[in-house]
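Student: quick one, fold the following:
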Amino acid sequence: MLEVAVIEDPSAAEVSLDPVRARLLAELAEPGSATMLAARVGLPRQKVNYHLKTLEKHGLVELVEERRKGNVTERVLRATAASYVISPIALASVQPDPARSPDRLSARWLLALASRLVSDVGSLITGATRARRRVATFALDGEVRFASAADRAAFAEELTNAVTALVSKYHDETAEGGRDHRVVVAVHPSVKAVTEPMTQTKES
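Tutor: Modelled structure (predicted):
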C-alpha cells in the first residue's frame, strides 16, 4: 500500500468523492471483504459489493486474497493507498494557471502555484511508480511568528534575496545533461485546527 496516491483520471476522482465510497476507502486501510464492510458501514452486502467493484475498476482498491467458504468465494480487498490527492489534471480544462496573473502577494496566485505543484509532483510520482524509480525532491516546512507586518515584509525581502542568490549560484544554463528543477517558496498564515467546544451536562 502506498502512503499517498495521486488521482489524475476524472472518472476516478468522481468515484472517490462519493461519500459512501470515500468511507469504504478509509475502512480498507486494513484488508476487508464486502461482508465485513457491510457490518461496519450499515449497508447491505450487495450494495457494498457494487461500490467495491467500482472502486476496483478505477484502481482505488486491489484484491489481496480470495477465501473459499463453502460454495462462496469471499474476496478480500485493500485500498491502494492510505490517503489520496486529486490532481488538478482531473479538471484539466479549468485547472489554475499561475502564468495567467503572477502576483507574489496574491493568495489566489499562491493557490495556483500550489495547484501546479500538486499537478507536477503527481505526474512525477505516477511516472516514477511505473518505472519503479524514486523522484528526487526536497521540501522544508516550518513556522515563524512575526511581531509585526513590517517584520513579515522584511523577512519576505530577505528570503527573496537569499533564494535569488542561491539560484544564481547554482543555475547553469549550459550544463549538458543537466535537469531543470522548479523552486517554490511560500509564506502564508498558519491555519489552526478548530476544536469543538465540549457540551456540558447538568447534574441531577
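Student: look up how far residue 185 lies from residue 164.
Tutor: Separation of residue 164 from residue 185 (CB to CB, to the nearest Å): 11 Å. Glycine gets a C-beta too; all of them are placed from N, C-alpha and C.
Student: before we move on, what about residue 134?
Tutor: 23 Å.
Student: and residue 57, by the same measure?
Tutor: 40 Å.
Student: quick one: residue 42 from residue 192, how far?
Tutor: 34 Å.
Student: ok, residue 73 next?
Tutor: Distance of residue 73 to residue 192, computed by CB to CB: 49 Å.
Student: ok, the two, which is more surrounded?
Tutor: Each of residue 73 and residue 192 has its neighbours counted (other CB atoms under 10 Å); residue 73 has more, 9 against 6.
Student: contacting residues around residue 49?
Tutor: residue 34 (CB atoms under 8 Å, 6 or more residues apart in numbering).
Student: report pLDDT for the residue nearest the centre of the chain.
Tutor: Ranked by distance to the mean C-alpha position of the chain (CA atoms, centre = their mean), the top residue is residue 85 at 2.7 Å. You'll see residue 85 listed with a pLDDT of 93.
Student: number the chain from 35, please
Tutor: Sure, I'll start counting at 35 from here, so that last one is residue 119.
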